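>>> Give the three-dimensional model of this entry:
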Amino acid sequence: CECEQELQALVSKVIQHYKDYYTIKWALAYEDVLAFFCPTWISPLKNAYSWVTGLKPSAVFKLVNSIRTNGVPSTSLVELTQEQMRKIEAFRVKIMLKEEKVEREMERQQVIVADRKMAELVRLVIQVKNGEEVRQ
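Residues are numbered from 1 along each chain as shown. The predicted model follows:
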């Protein structure tokens, strides 16, 4: 019973930390919205995980379009001018081009790794076929 109370206290403390984190993060989004979507304290590896799971910079544009088309009340996105929309679209295209460049580089790196592994496998198969002893 005492152990369960300690665990419950720890869970409550962790939940409160998450609430505080997101409360502060949301408040700071008004000052720097980019830091909201890509915090500066996240490591490049964690950013890569986000990228691989589909949370790319272009996701912001989907959110903006969704808010605009659904007419979410009390948002200034519904009232954007044509000029503002043109600038957002130009920025979206720029981001998409950069995303494509990153994705091509990721594919290139995957091919390089796969090619090395395949070359090693071919070398091992040749050694086995020639009757050489293989210690791997």
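>>> which helices and strands does the lengthiest helix in the chain pack with?
Among all segments of the chain classified by DSSP state H, the helix with the greatest residue count is helix 82-129. Using 3 or more Cβ pairs under 8 Å, 6 or more residues apart in numbering; DSSP states H and E as the contact criterion, the secondary-structure elements in contact with helix 82-129 are helix 59-70. To be clear about C-beta, it is placed using only N, CA and C from the backbone, and glycine gets the same treatment.
>>> Now do the helix it packs on against helix 82-129, angle only.
Our comparison of helix 59-70 with helix 82-129, counting by axes from the mean of the first three to the mean of the last three Cα atoms, to 10 degrees, yields an angle of 140 degrees.
>>> and residue 51, what helix or strand is that in?
Taking DSSP states H and E as the definition, residue 51 sits inside helix 44-52.
>>> buried residues in that helix?
When burial is assessed from 16 or more other Cβ atoms under 10 Å, helix 44-52 yields the following buried residues: residue 50.
>>> elements contacting that helix?
Using 3+ Cβ pairs under 8 Å, 6+ apart as the contact criterion, helix 44-52 has no neighbours among helices and strands.
>>> thinking again about what came up before, the longest helix of the chain: how far from the chain's middle?
Shown here is helix 82-129, whose average C-alpha point lies 15 Å from the average C-alpha point of the whole chain (Cα atoms, centre = their mean, to the nearest Å).
>>> Just the mean pLDDT for that helix, thanks.
When the per-residue pLDDT values of helix 82-129 are averaged, the result is 85.
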